[in-house]
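*Asks:* Test case, fold it:
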Amino acid sequence: MSQGKLIGRISACIAGDSRYTSVVTVHHCDTDGEGIHSYRVARSENGAAGGMDGPGGSLGFREVVSTILYGPTPRELLEGIKRLFDHTLVTYGKPTKNFSWHTRETGLSQAKAVKAMEEVK
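*Replies:* Numbers count the residues shown, from 1 in each chain. You can find the predicted model right below:
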C-alpha cells in the first residue's frame, strides 16, 4: 500500500527543545478494488544523542507506532489520530487547536475531518 497524500499533521517538542520532538501524520492511501478509502496514521519521534543533557544534538526521526484505518467515518479517523498522541503532543502541541489539515484549516473536529476526507475522494 502506498503512503498516499498527506492530509493532516502536527508536531511538538518539549519546552522548545527540538531534540525531543513528536510528529503525527495522516495520509490518505489508495482505495481498494471496492472503493474503500484507507488512512495511515503514524507517530515519529526523535531524541537527544548522547543522553538527555549531552551536547550531541538529535538522533534522527524514527516511526514508533502506526495504524491503518479502512473505510473510517470522520469520527473514527479522529479517534485513530488521537490514539497516537503522546504526552509531548498533548501537552506542548495543543492538538485540538494546532492540528493542521491539508485544507489549510487547523484543529481537530469532525467537520474539518469530513472536509479533508471529501477532498481526497
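
*Asks:* so what does the lengthiest strand in the chain touch, helix or strand wise?
*Replies:* In the chain, assigned by DSSP state E, the strand with the most residues is strand 17-28. Applying 3 or more C-beta pairs under 8 Å, 6 or more residues apart in numbering; DSSP states H and E, we find strand 17-28 packed against strand 5-14, strand 38-45, helix 74-83, helix 87-88. C-beta coordinates here come from the backbone N, C-alpha and C atoms, glycine included.

*Asks:* Mind putting those into JSON lines with mean neighbour count, mean pLDDT and distance to Arg104?
*Replies:* Listed next are those as JSON lines, based on neighbours: other C-beta atoms under 10 Å; pLDDT from 0 to 100; distance: least, C-beta to C-beta, whole Å:
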{"stretch": "strand 5-14", "mean neighbour count": "18", "mean pLDDT": "94", "distance to Arg104": "11"}
{"stretch": "strand 38-45", "mean neighbour count": "19", "mean pLDDT": "95", "distance to Arg104": "19"}
{"stretch": "helix 74-83", "mean neighbour count": "16", "mean pLDDT": "97", "distance to Arg104": "18"}
{"stretch": "helix 87-88", "mean neighbour count": "14", "mean pLDDT": "92", "distance to Arg104": "24"}
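
*Asks:* so which of those gets nearest Met117?
*Replies:* With C-beta to C-beta as the criterion, Met117 lies closest to helix 74-83 of these, at 6.1 Å.

*Asks:* what comes into contact with the closest one?
*Replies:* Residues from elsewhere that reach helix 74-83 (C-beta atoms under 8 Å, 6 or more residues apart in numbering): 8, 24, 26, 39, 41, 67, 69, 72, 95, 99, 108-110, 113-114, 117.

*Asks:* low-scoring stretches of this structure, by residue?
*Replies:* Applying pLDDT under 70 to the chain picks out residues 1-2, 50-57.

*Asks:* Drop anything exposed from the contacts of helix 74-83.
*Replies:* Among these, the ones that count as buried by 16 or more other C-beta atoms under 10 Å are Gly8, Val24, Val26, Tyr39, Val41, Leu69, Pro72, Pro95, Phe99, Leu108, Ala113, Met117.

*Asks:* could the helices and strands packed on strand 17-28 be laid out in a markdown table, adding distance to Asp32?
*Replies:* Shown next, in a markdown table, are the helices and strands packed on strand 17-28 (distance: least, C-beta to C-beta, whole Å):
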| stretch | distance to Asp32 |
| --- | --- |
| strand 5-14 | 16 |
| strand 38-45 | 7 |
| helix 74-83 | 17 |
| helix 87-88 | 34 |
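
*Asks:* Perfect, I'm done here.
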